[in-house]
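> Just to be clear, the model below is a prediction. Sequence and coordinates:
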Amino acid sequence: MPAEILERVFVDLADRSYTISIGSDLIPSFAELASDHLQSDRLFIITDENVAPHYLSPLLESCAAAHLHVETVILPAGEQTKSFSQYESLINRLLSYKPSRKDCLVALGGGVIGDLVGYVASSLLRGLPFIQVPTTLLSQVDSSVGGKTGINTKYGKNLVGAFYQPEAVFIDINSLSTLPARETLAGYAEVVKYGLINDETFFSWLEENGPSLLKGDKDLMAQAISKSCQSKAQVVSEDEREGGKRALLNLGHTFGHAIEAACGYDGTLLHGEGVSIGMCLAFEASVHLGLCPQEEADRVARHLKACGMMTRAADVPHTLEADTLVNNMAQDKKIEAGEIVFVLAEGIGKSLLVKGPDSQIIKTTIMRSLKA
Ligand SMILES: NC(=O)c1ccc[n+]([C@@H]2O[C@H](COP(=O)([O-])OP(=O)(O)OC[C@H]3O[C@@H](n4cnc5c(N)ncnc54)[C@H](O)[C@@H]3O)[C@@H](O)[C@H]2O)c1
Ligand SMILES: O=C(O)C(=O)C[C@@H](O)[C@H](O)[C@H](O)COP(=O)(O)O
Ligand SMILES: [Zn+2]
């Protein structure tokens, strides 16, 4: 089947600008689509053990047809791959192939592969071009766009990394057909996030269409992916390095990352699941701080729950302590003069940054969410 591009979204970043192409059958046509972005005929495709059996062959076949020279690296799947040890081993493996600065890395996979490969691209030989081919819903709507790359450390999520933009992003929505339902749901949390941040109309659309989209309606899914990419591209174009409004894309993440760290990155809690609970906590905290009406927080939790998402810390299949979560939150990157800048909300579509809100209210909100 020839590639069908449904939409192109431009990320406007001066000399680092690029296009996100969204469509069907883009992976089997990768080499043709990517040809304008390649500076040499040598590519390094990095993927994981779950993605490779489905999508590596069509990608390799398209590269062979275009007479490209390709080396392939298949990494273990899962969050633990975003680590110092995998970073070092990938760097060494790539160096063994004697890469040049014009060769291109291709991240074929979810956010784990995209974040790791992007960071390797930013640092190997002081920077090589890379292309994102995201294959999870989460990576198609969020992580492949915007240039946040990095790995986790024992102190927390994404604490080592770089802002480093890809040359292009190719979103093949057909790849979602093999994604496990739990992963689709986790990605959906980041879709809902865009509505909650600044687009109540989109949130209402999701209330109406989210359940059908999650059941496999491809047309609705494509619309949600386009809308999410447009939203993210807009924010990133205005604030690439999170000097201000980009921090709103972190709605739910201060809480979510703290819960993820407490669970140990072993698959007990997926990133999107932490974000779902974290967004509910952000809205509940906003209610207790007198910023947001209770009905708005209830509406957020109701929608996420109706879709089958986790909405409370008590839903996590791991024993969590409020003190551990508060302690983990102290590693958040949005800290200014010793105070965490929280993403809170005055209502749906009305998010805002609040520096150092009452810490007792934050802790009480967490404790309530931990009660079954
Ligand atoms: N850089 C950013 O802006 C940004 C944004 C959001 C999230 N993230 C990061 O992204 C990561 C989460 O990404 P994710 O949710 O994509 O997880 P992931 O990369 O671990 O992928 C989820 C699982 O699905 C499998 N998989 C991927 N594509 C598949 C497909 N098409 N069919 C079958 N299986 C498939 C993977 O092997 C893995 O087991 C987290 O580390 C998070 O911190 C980064
Ligand atoms: O692109 C952004 O900016 C985001 O915050 C998107 C988030 O969904 C993503 O999880 C990101 O990796 C979080 O970044 P961090 O700076 O909080 O580590
Ligand atoms: Zn996220």
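That came through, no problem. Ligands and ions are numbered 1, 2, ... in the order given.

> Which residues of the stretch 1-150 of the chain lie near ligand 2?
142, 146, 148 (C-beta under 6 Å from any ligand atom). Heads up, the C-betas are built off the backbone N, CA and C, glycines and all.

> now these as TSV including neighbour count and distance to residue 86?
Output for these, formatted as TSV (neighbours: other C-beta atoms under 10 Å; distance: C-beta to C-beta, whole Å):
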residue	neighbour count	distance to residue 86
142	28	21
146	23	22
148	24	18
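
> Using JSON lines, lay out those together with pLDDT and distance to residue 184.
Output for these, formatted as JSON lines (pLDDT from 0 to 100; distance: C-beta to C-beta, whole Å):
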{"residue": "142", "pLDDT": "98", "distance to residue 184": "14"}
{"residue": "146", "pLDDT": "98", "distance to residue 184": "21"}
{"residue": "148", "pLDDT": "98", "distance to residue 184": "22"}
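
> can I get the CA coordinates of the helix or strand encompassing residue 340 in CSV?
Secondary structure from DSSP states H and E places residue 340 in strand 339-347. Provided in CSV are the C-alpha atoms of strand 339-347 (Å, rounded to 0.1, in the frame of the first residue of the first chain):
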residue,chain,number,x,y,z
GLU,A,339,10.0,25.9,45.7
ILE,A,340,8.2,23.6,43.2
VAL,A,341,6.2,25.3,40.5
PHE,A,342,3.0,23.2,40.2
VAL,A,343,0.8,23.1,37.2
LEU,A,344,-2.7,23.7,38.6
ALA,A,345,-6.0,24.7,37.1
GLU,A,346,-8.8,27.2,37.6
GLY,A,347,-11.0,24.8,35.5
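
> after it, next one along is what?
Next along from strand 339-347, by DSSP H and E: strand 350-355.

> What residues sit buried inside stretch 308-322?
By 16 or more other C-beta atoms under 10 Å, the buried positions in stretch 308-322 come out as 309, 310, 311, 312, 313, 315, 316, 320, 322.

> Stretch 69-88 now?
Quick answer for stretch 69-88 (16+ other C-beta under 10 Å): 70, 72-75, 77-79, 81-83, 86-87.

> Farthest-apart pair in those residues, please.
Largest separation among the buried residues of stretch 69-88 by C-beta to C-beta: 70 and 79, giving 26.8 Å.

> Might you enumerate the residues of the stretch 151-300 of the chain proximal to ligand 1?
So the stretch 151-300 of the chain meets ligand 1 at 157, 158, 175, 178, 179, 183, 186, 187, 190, 271, 272 (C-beta under 6 Å from any ligand atom).
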